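**Q** compute the structure for the input listed below.
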Amino acid sequence: MSRNVAVIVGSLRKESFSRKIANALIPLSGPALDLKLIEIGDLELYNEDTEKNPTKAWTAFRDAVRPADAVLFVTPEYNRSVPGCLKNAIDVGSRPYGSSVWSGKPAAIISNSPGAIGGFGANHHLRQSLVFLDMPVMQQPEAYISGANKLVGDDGKITDDSKREFLTKFMQSFGDWIETNTSEQ
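**A** Residues are numbered from 1 along each chain as shown. Now for the predicted structure:
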């Protein structure tokens with residue numbers, strides 16, 4: 001059975017390393033996972049006053065995430081935390097209270113950076129939010145991808161054999177995690 005996975009990229013830049021990595025994961029995922037990137041760039045800042053009449057962008061985003069079986073977050077690190085656009089998307093999806101599109105969905109995180117620690121701070125800050133949102137987050141393997149600026153070639157493929165092998169195994173583990181943490185309705 002193929003599982004639908006919403007992929008949330010925590011960067012708005014068209015040629016971001018996170019977006020390139022997310023796209024490069026699609027062929028590594030095999031037939032068990034159907035990855036679909038869900039855009040967050042058009043989401044207005046979350047404001048509870050707007051909740052009574054949600055924007056079209058909010059509604060479209062929520063409607064795109066809701067049917068997914070699981071969520072994969074691919075994000076850079078900004079100032080040792082998650083980018084504001086990603087936090088905003090999490091907030092938009094978690095409201096109105098009691099109607100979160102995130103609740104119960106298995107999740108995984110791939111953080112990345114051109115630097116050596118691979119977005120460690122973003123990865124762990126994001127985990128804190130996901131625990132509160134009742135998302136079982138895959139614990140192992142963890143993915144902190146360093147050298148993200150050199151990881152994906154012009155052909156859209158991962159250039160480093162060891163990282164390609166690691167990410168292939170990561171996606172297989174995520175598929176197993178989804179099956180373990182998905183209740184049939």
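**Q** show me what the helix or strand hosting Val74 is packed up against.
**A** Val74 is part of strand 70-76, with elements assigned from DSSP states H and E. Other elements packing on strand 70-76 under the criterion 3 or more Cβ pairs under 8 Å, 6 or more residues apart in numbering; DSSP states H and E are strand 3-9, helix 17-25, strand 107-112, helix 120-132, helix 161-180. Where C-beta positions appear, they are placed from N, C-alpha and C, glycine not excepted.
**Q** okay, angle between the longest one and strand 107-112 too, please.
**A** Inter-element angle recorded for helix 161-180 and strand 107-112: 160 degrees (by axes from the mean of the first three to the mean of the last three Cα atoms, to 10 degrees).
**Q** how far away is Gln140 from Ala6?
**A** 22 Å (Cβ to Cβ, to the nearest Å).
**Q** burial measure for Ala122, as a count.
**A** 27 (other Cβ atoms under 10 Å).
**Q** quick one, what contacts the closest residue to it other than its chain neighbours?
**A** With sequence-adjacent residues excluded and distances taken as Cβ to Cβ, 6 or more residues apart in numbering, Ala122 is closest to Glu77, at 3.7 Å. With contact set as Cβ atoms under 8 Å, 6 or more residues apart in numbering, Glu77 has these partners: Ser111, Ser113, Gly119, Phe120, Gly121, Ala122, Asn123.
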